[in-house]
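J.: how would this look folded up:
(one chain, ligands or ions: 1)
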Amino acid sequence: MLELPEVRTISRQAREALTGKVITQVFSPTTPHKFAFFNGDGEDYKPLLTGKKVMSTEGAGMYVDLILSDGVVLSLGDGVNFRYGDASAKIPEKYQLMLTFDNETFLAFNIAMYGAIYAHRGDFDNKYYRQSKEKISPLADAFDEDYFNGLLRNEKKNISVKAFLATEQRIPGLGNGVLQDILFYAGIHPKRKIDTLSKTEKSKLFKSVKDTLKKMTREGGRDTETDFYGNKGGYSTVVSAKTYKNPCPVCGGTIMREDYMGGRIYYCPTCQPL
Ligand SMILES: [Zn+2]
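T.: Here you go, the predicted structure:
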């Protein structure tokens, strides 16, 4: 699933490739998908998108927006995979929506588990979309240690660190994927309750949220996800589905894999004690 580093990367790549290009054709889904969310019927997108020019793009939280002419926006949510190619590239067999442009290129969107492809006029009324846009991004300077401690203080319940960081979108774009390395670098177990964190641990956690997300973004997203061109990101995940069979890079111990709160967690029980 796309999270902030991939959203920022794809937004930048799409801006570089598509600004000024005009959508020539819109293709309907090749295979219906139960959990592909459109507003209205995907067919309505044809008159809305055809002939529109890409003005810019925006990546915030879990969404990439293609900003089109006439105030139209195409918002792509976290479960959407992108594949952009030119006339020499093979068009994927399966997609939930495909656009072609006036420079002989195509952009196909495919959904793995679930995902939103929303064409709208800036009025996409979805809680997560609004939070993605309105809340302070962890990559912004305004997201400083005081702001982070304020988020912790405002949390009424004694919830786990995973619940605090990666649910409810308190921090836009931070989900269960990027969470794993953030906690590894902070040396904090995903099940630790936020009330038990010392001042030093809170500070380490804040620093890891900023530094890990910046590094992931700078390196073009994680190697477990794909970018605008369908290529894997340049950031090598430390604890993930890809690496958990390797020994911990710090202590050499075994990395644990567990299901916890609707998603896999990966951690080193020695470096991240409970
Ligand atoms: Zn370790």
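J.: please, where are all the helices along the stretch 1-150 of the chain?
T.: 4-18, 45-49, 127-134, 145-154 (DSSP state H, counting those that start in this stretch).
J.: now the second one, how far from the chain's geometric center?
T.: In terms of Cα atoms, centre = their mean, to the nearest Å, the centre of helix 45-49 is set 26 Å apart from its chain centre.
J.: who are the packing partners of that helix?
T.: Applying 3 or more Cβ pairs under 8 Å, 6 or more residues apart in numbering; DSSP states H and E, one finds that helix 45-49 contacts strand 23-27, strand 115-120. Yep, even glycine has a C-beta here, placed from its N, CA and C like the rest.
J.: paired strands for the last one, with orientation please.
T.: In other words, strand 115-120. Using DSSP bridges, strand 115-120 pairs in its sheet with strand 36-37 (parallel), strand 73-76 (antiparallel).
J.: looking at those strands, which is nearest to the ion?
T.: The ion lies closest, by Cβ to the ion, to one member of those: strand 73-76, at 36.3 Å.
J.: just the CA trace of that closest one, in CSV.
T.: C-alpha atoms of strand 73-76 as CSV (Å, rounded to 0.1, in the frame of the first residue of the first chain):
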residue,chain,number,x,y,z
VAL,A,73,-9.1,16.4,-9.8
LEU,A,74,-8.3,12.7,-10.1
SER,A,75,-7.5,11.4,-6.6
LEU,A,76,-5.7,8.0,-6.2
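J.: I'd like the average pLDDT over that strand.
T.: Regarding strand 73-76, the rounded mean pLDDT is 96.
J.: over to stretch 54-65?
T.: Rounded mean pLDDT across stretch 54-65 is 96.
J.: just the buried positions in it, please.
T.: Buried residues in stretch 54-65, defined by neighbour count with 16 or more other Cβ atoms under 10 Å: 54, 55, 57, 58, 59, 60, 61, 62, 63, 64, 65.
J.: same check on stretch 65-76?
T.: Using 16+ other Cβ under 10 Å as the test for burial, stretch 65-76 gives 65, 66, 67, 68, 72, 73, 74, 75, 76.
J.: so the first one makes contact with residue 80?
T.: Okay, so that is residue 65. No. Using Cβ atoms under 8 Å as the test, residue 65 is too far from residue 80 to be in contact (12.0 Å).
J.: three-state assignment of residue 173?
T.: Following DSSP: H, G, I helix; E, B strand; the rest coil, we place residue 173 in the coil state.
J.: for it, which non-adjacent residue is closest in space?
T.: Among residues not flanking residue 173 along the chain, residue 4 sits closest, at 2.8 Å (Cβ to Cβ, 6 or more residues apart in numbering).
J.: and the pLDDT for that neighbour?
T.: Listed pLDDT for residue 4 reads 97.
J.: distance of it from residue 125?
T.: Going from residue 4 to residue 125 by Cβ to Cβ, to the nearest Å gives 22 Å.
J.: these two: who's more crowded?
T.: Under the criterion of other Cβ atoms under 10 Å, the comparison of residue 4 against residue 125 puts residue 4 first, with 27 against 9.
J.: you'd agree that one is up against residue 213?
T.: Yes. Contact between residue 4 and residue 213 holds when scored by Cβ under 8 Å: they sit 5.9 Å apart.
J.: any common contacting residues for the two?
T.: Residues touching both residue 4 and residue 213 (Cβ atoms under 8 Å, 6 or more residues apart in numbering): 138, 139, 173, 174, 178.
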